[in-house]
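>>> got a predicted structure plus its sequence, pasted below:
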Amino acid sequence: MGRVVLVTGVARDLAARFARHLADLAEGGTDIDKVVGIDVVPPPGELGGVKFVRADIRTPVVAKVMAVEEVDTVVHMGLVPSQRGTTVRGGAAKELNVIGTMQLLAACQRATSVKKLVVQSSTAVYGASPQDPAMFTESSSPRGAVKSGFRKDVVEAEGYIRGFSRRRPDILITTLRMANILSDQVVSPFGAYYESAVLPTVMGFDPRIQFLHEQDALNVLSESVVDDRPGTFNVAGDGVLLLSQTARRLGKPIIPLPPFGFGAAASRIARSMGSDIPPDLHRLLKYGRVVDTAALRDIFGYEPIFTTEATFEAYRQKVKPGLFAMIGGRR
């Protein structure tokens, strides 16, 4: 019997696409025999050859699923920010991120069949502050206090994963700290931000931004499952863009707001235009964040296909241009 892969969070678009991709690999003659997708609600689309199990990873039932299916590889894609357009928001997102990760790890610890754990983490673990280095490496420590939000969830979840690795050193663990994915096919914080007709920015700041193409994200996840790639890796497209550059290329005007009270004011503006600015973007829109991907290339062995600029351009070509772009205001 071949390998059995469990993918969490398959009600969301990226996880659903990844699970379908793994199922296609299983049919193509790899050593993957079965792919099991798990989430609290059914996915909006078809999962193809994926076996869907409706279950909550925040409960001990996930251990029963692992036992029944004899899972040997777990791909945790359940760490998500709270935002409009997802199945979880507010306190439910924190419960899913933190409690869900704890329960999943507890199930993995008890399951003798599990040999590999792949975690889709986030570069949000580094935070965003004026003391940030030019680029964060995997060994960098976050700057500034961790108080709340998605960043705190990721910091806690990764702490639990490190503790789990000490208790089960026989399980191979790959942690992928992914930059912000930008795609018209994937619900994401920056995708929600760019939906607005005007873009709130912080007065006096023009942060550097990195993006990750969905195909590179899927490729890195796939290689982590098919091959052995232990360790923690930053995953992002090469290069950076300034926030002001992205606004000009989308043809959207900006509204500079004072730093004090930016989050509340920006959220009000976005809501008035039918869009959303997730709270986890507030500091990023002020300070930005850039990570070093040398370990991804040199140790993991993957060269991203899309740069940050190419990822943004692919997104720009798929979305409706702003007024400035339509009247020739793009620069």
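Everything's here; your move.
>>> which other helices and strands does the helix or strand where Arg316 lies contact?
Using DSSP states H and E, Arg316 falls within helix 308-318. Helix 308-318 sits against strand 211-212, strand 241-242, helix 243-250, with contacts defined as 3 or more C-beta pairs under 8 Å, 6 or more residues apart in numbering; DSSP states H and E. C-beta coordinates here come from the backbone N, C-alpha and C atoms, glycine included.
>>> same thing but 10 Å
If you count contacts as 3 or more C-beta pairs under 10 Å, 6 or more residues apart in numbering; DSSP states H and E, helix 308-318 packs onto strand 180-181, helix 189-194, strand 208-209, strand 211-212, helix 214-226, strand 241-242, helix 243-250.
>>> give the buried residues for it.
Thr308, Glu309, Ala310, Thr311, Phe312, Ala314, Tyr315, Arg316 (16 or more other C-beta atoms under 10 Å).
>>> and the contacts of it?
Defining contact as C-beta atoms under 10 Å, 6 or more residues apart in numbering, one finds that helix 308-318 is touched by 179-186, 188, 190-191, 194, 208-216, 236-241, 245-246, 249-251, 290, 304-307, 325, 330.
>>> put the buried members of the residues you listed into a PyMOL selection.
Typed into PyMOL, the next command selects the buried ones out of the contacts of helix 308-318 (criterion: 16+ other C-beta under 10 Å):
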select buried, resi 179+180+181+182+183+186+188+190+191+194+208+209+210+211+212+213+214+216+236+237+240+241+245+246+249+250+251+290+304+306+307+325
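>>> all strands for the stretch 101-250 of the chain, in order.
Listed in chain order, the strands of the stretch 101-250 of the chain (DSSP state E, counting those that start in this stretch) span 116-122, 172-178, 180-181, 199-202, 208-209, 211-212, 231-235, 241-242.
>>> list the contacts for Thr101?
Applying C-beta under 10 Å, 6+ apart, we find Thr101 in contact with 8, 57-58, 76, 78-79, 119, 153-154, 156-161, 164.
>>> over to Ser139?
Thr232, Asp292, Ala295.
>>> dihedrals phi and psi, it?
Torsion angles at Ser139 (phi, psi; degrees, to the nearest 10) stand at phi -90, psi 0.
>>> that one and Pro256, how far apart?
Between Ser139 and Pro256 the distance is 36 Å, computed by C-beta to C-beta, to the nearest Å.
>>> same question for Val68.
Counting by C-beta to C-beta - Val68 and Pro256 are separated by 56 Å.
>>> Phe150 too?
Look at Phe150 and Pro256: by C-beta to C-beta, they are 25 Å apart.
>>> please identify which of those two sits among more neighbours.
Legend: neighbour count by other C-beta atoms under 10 Å for Phe150 and Pro256, higher for Phe150 (23 against 11).
>>> for Gln120, which non-adjacent residue is spatially closest?
Sequence neighbours aside, Met77 is the residue nearest to Gln120 in space, at 4.6 Å (criterion: C-beta to C-beta, 6 or more residues apart in numbering).
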